[in-house]
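Asker: attaching a predicted model along with its sequence, questions to come.
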Amino acid sequence: MSEKFKIKSKRQEYTILVVLGTLIAIGPFSVDMYLPSFESIANDFSVPKASIGFSLTSYFVGIALGQMAYGPIMDKFGRKKPLLIGLGIYILAALSCYISFDLTWLIVSRFFLALGASAGMVASKAVVRDIFPPEKVASAISFLMLIMGGAPIIAPTVGGLVISHFSWQIIFMLLAVFAFLMILSVTFFLPESFKPDKSVELKLGKIFSNYRGILQDKIFFTFSIAGGLTVGALFAYISNAPELFMDGFNLTESEFGYVFGTNAGGYILGTQLNRYFLKKHSTFKVCYNASFVLAAIGIALLLVTSLGGNFYTIAGVLFLMLLMLGFQNPNTTALSLQPFTQRAGRASALVGSLKMVVGAFASYLISELSHNSLVPLAIIVSSCLIFSCLLIIKFQKKDKGMLLEF
């Protein structure tokens with residue numbers, strides 16, 4: 001365990017992991033819970049449904065920038081205080097979403113919602129890197145993904161129920177209540193895992209210089225970009241899911257919630273199978289093999305959409321993609337963080353930010369290109385997964401010796 005903090009019991013370890021997993025879950029809850037409300041929001045604001053996708057894009061941009069900001073802040077002041085401030089920002093932004101009177105207001109409010117949510121995303125990965133040895137980081141992150149993975153199952157269903165009985169604004173009131181409960185859990189159950197480092201400078205020039213130094217590390221660069229590309233495939237799917245299933249296949253809002261949740265269940269299953277495989281194989285080996293499977297799935301999606309595949313075929317391929325992303329996302333994150341201890345906050349922030357930048361770009365492309373056609377989604381997904389695989393192949397051939405074997 002880290003010299004900064006040592007877990008005293010198995011019970012404390014699980015309590016900390018549950019709190020951290022719930023913090024990460026704020027991110028997908030903020031996205032998935034309001035997906036079924038796209039049509040209601042579009043009707044209220046008298047705009048096309050596709051335009052609501054820009055509120056997803058602003059959220060991803062906010063997540064990217066927010067993580068970049070919280071990284072050095074959490075290395076300078078510790079993990080807990082900045083995290084609590086971020087959760088406070090989240091609550092205020094959720095209430096702002098609640099009172100939105102037009103789409104622009106909602107888009108801006110979603111940006112600030114993301115700034116608040118990003119605190120939990122940075123803190124969770126940094127705390128795991130603080131308290132777990134390198135060989136256990138991927139397994140710990142997989143446990144976090146088990147909790148986080150429940151969000152895409154629960155959130156669309158809850159969102160669909162809210163839309164059925166109340167206005168879409170109530171979704172954001174529920175998110176504010178959720179964040180308040182997280183403030184209580186962080187206050188009482190999450191110890192400070194990192195001694196503040198007052199030598200960390202918060203001047204913009206120094207911050208960017210430090211991030212540049214982290215990005216120049218070959219291990220970090222390879223697995224943060226490879227992981228970012230797989231997240232790009234994931235967010236392209238998330239952004240296109242309402243149009244794909246509700247418009248393309250005429251699913252109702254409640255049916256969409258079930259299908260979306262089933263695919264998210266594949267993600268959860270993948271994270272837990274990953275923990276099993278990590279007991280027998282190194283993190284890199286599992287990541288390397290998963291990259292080939294994901295590339296094949298991307299090609300399969302491109303083929304079935306080009307040939308006019310039916311609902312069951314496309315939903316099946318997407319389920320397999322989510323299953324394998326449950327392997328790949330924890331492993332690329334763990335491998336990205338492997339070279340860093342003292343700068344874990346900034347490394348965690350940068351890897352998360354890079355993933356969100358790719359995700360934001362993918363969701364923007366889908367909003368612009370997806371007009372009653374599944375082909376743009378297939379092209380974006382397959383491109384992301386193939387290029388991710390090529391990066392990992394290149395690393396395996398040239399730089400694998402740099403990795404610790406874990």
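Answerer: In hand now; what should we look at?
Asker: can you give me the strands in the stretch 301-406 of the chain?
Answerer: Ranges of strands in the stretch 301-406 of the chain, per DSSP state E, counting those that start in this stretch: none exist.
Asker: where are the low-confidence patches of it?
Answerer: Scanning the stretch 301-406 of the chain for pLDDT under 70 picks out 341-345, 360, 367, 370-372, 399-406.
Asker: if we use 80, what do you get?
Answerer: When residues are selected by pLDDT under 80, those of the stretch 301-406 of the chain lie in 308-309, 338-346, 348-349, 352-353, 355-357, 359-364, 366-374, 398-406.
Asker: and the longest helix for this protein?
Answerer: When the chain is parsed with DSSP state H, its longest helix is helix 103-131.
Asker: return the set of buried residues in that one.
Answerer: 103, 106-131 (16 or more other C-beta atoms under 10 Å). In this view, the C-beta of every residue, glycine as well, is placed from N, C-alpha and C.
Asker: tell me what angle the helix or strand following that helix forms with helix 103-131.
Answerer: Toward the C-terminus, helix 103-131 is succeeded by helix 134-148 as the next helix or strand (DSSP states H and E). Orientation check (axes from the mean of the first three to the mean of the last three C-alpha atoms, to 10 degrees): helix 134-148 against helix 103-131 gives 140 degrees.
Asker: packing partners for helix 134-148?
Answerer: Other helices and strands packing on helix 134-148, by 3 or more C-beta pairs under 8 Å, 6 or more residues apart in numbering; DSSP states H and E, are helix 10-32, helix 103-131, helix 253-278, helix 311-337.
Asker: so what touches that helix?
Answerer: Where contact means C-beta atoms under 8 Å, 6 or more residues apart in numbering, the residues beyond helix 134-148 that reach it are 17-18, 20-22, 24-25, 27-28, 124-125, 128-129, 132, 267-268, 271-272, 274-275, 278-279, 283, 326, 329-331, 333-335, 337-338, 404, 406.
Asker: check stretch 31-39 too.
Answerer: Against stretch 31-39 from outside (C-beta under 8 Å, 6+ apart): 41, 49, 52-53, 56, 59, 151-152, 155-156, 158-160, 162-163, 168, 171-172, 174-175, 238, 241-242, 246, 253, 256-257, 260, 264.
Asker: narrow the residues you listed to those in helices?
Answerer: Short answer: those in helices (DSSP H) are 41, 53, 56, 59, 151-152, 155-156, 158-160, 162-163, 171-172, 174-175, 238, 241-242, 253, 256-257, 260, 264.
Asker: coming back round to it: now, of the contacts of helix 134-148, which are buried?
Answerer: 17-18, 20-22, 24-25, 27-28, 124-125, 128-129, 132, 267-268, 271, 274-275, 278, 283, 326, 329-331, 333-335, 337-338, 406.
Asker: what's the burial count for the closest residue to Ile183 other than its chain neighbours?
Answerer: In space, and not counting its chain neighbours, Ile183 is closest to Leu87: 5.0 Å by C-beta to C-beta, 6 or more residues apart in numbering. Counted with other C-beta atoms under 10 Å, residues neighbouring Leu87 total 25.
Asker: got it, and the one 5 residues further on?
Answerer: Other residues lying near Leu92 total 14 when counted by other C-beta under 10 Å.
Asker: now the helix or strand containing it: buried residues?
Answerer: Using DSSP H and E, Leu92 maps to helix 80-98. Buried residues in helix 80-98, defined by neighbour count with 16+ other C-beta under 10 Å: 80, 82-84, 86-87, 89-91, 93-94, 96-98.
Asker: picking that back up, how far does the longest helix of the chain sit from the chain's center?
Answerer: Taking the mean of its C-alpha atoms, helix 103-131 sits 10 Å from the chain's own mean (C-alpha atoms, centre = their mean, to the nearest Å).
Asker: counting by contacts, list what that helix packs against.
Answerer: helix 10-32, helix 38-45, helix 53-77, helix 80-98, helix 134-148, helix 169-189, helix 311-337, helix 344-369.
Asker: try 7 Å
Answerer: helix 10-32, helix 53-77, helix 80-98, helix 134-148, helix 311-337, helix 344-369 (3 or more C-beta pairs under 7 Å, 6 or more residues apart in numbering; DSSP states H and E).
Asker: now do it, average pLDDT.
Answerer: On average, the pLDDT along helix 103-131 is 90.
Asker: report the angle between it and helix 53-77.
Answerer: 40 degrees.
Asker: how about the buried residues of helix 80-98 in CSV, adding distance to Leu190 and pLDDT?
Answerer: Below are those laid out as CSV (distance: C-beta to C-beta, whole Å; pLDDT from 0 to 100):
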residue, distance to Leu190, pLDDT
Lys80, 6, 91
Pro82, 13, 93
Leu83, 8, 94
Leu84, 10, 95
Gly86, 13, 95
Leu87, 11, 96
Ile89, 18, 96
Tyr90, 16, 96
Ile91, 18, 97
Ala93, 22, 97
Ala94, 21, 96
Ser96, 26, 96
Cys97, 26, 95
Tyr98, 27, 95
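Asker: just flag the most distant two among the residues you listed.
Answerer: Lys80 and Tyr98 (27.5 Å; C-beta to C-beta).
Asker: thought Gly62 was touching Leu115?
Answerer: Yes - using C-beta atoms under 7 Å, Gly62 is in contact with Leu115, at 5.1 Å.
Asker: got any residues that touch both of these two?
Answerer: Listed as contacting both Gly62 and Leu115 by C-beta atoms under 7 Å, 6 or more residues apart in numbering is no residue at all.
Asker: closest one to Val200 among the helices and strands packed on helix 134-148?
Answerer: Closest approach to Val200 among the helices and strands packed on helix 134-148 is made by helix 103-131 (13.0 Å; C-beta to C-beta).
Asker: quick check, Leu318 in contact with Asn240.
Answerer: No - assessed by C-beta under 7 Å, Leu318 is found out of contact with Asn240, at 10.2 Å.
Asker: centre of the chain to the edge, which residue is at the far end?
Answerer: Most distant residue from the mean C-alpha position of the chain: Leu307, 30.9 Å away (C-alpha atoms, centre = their mean).
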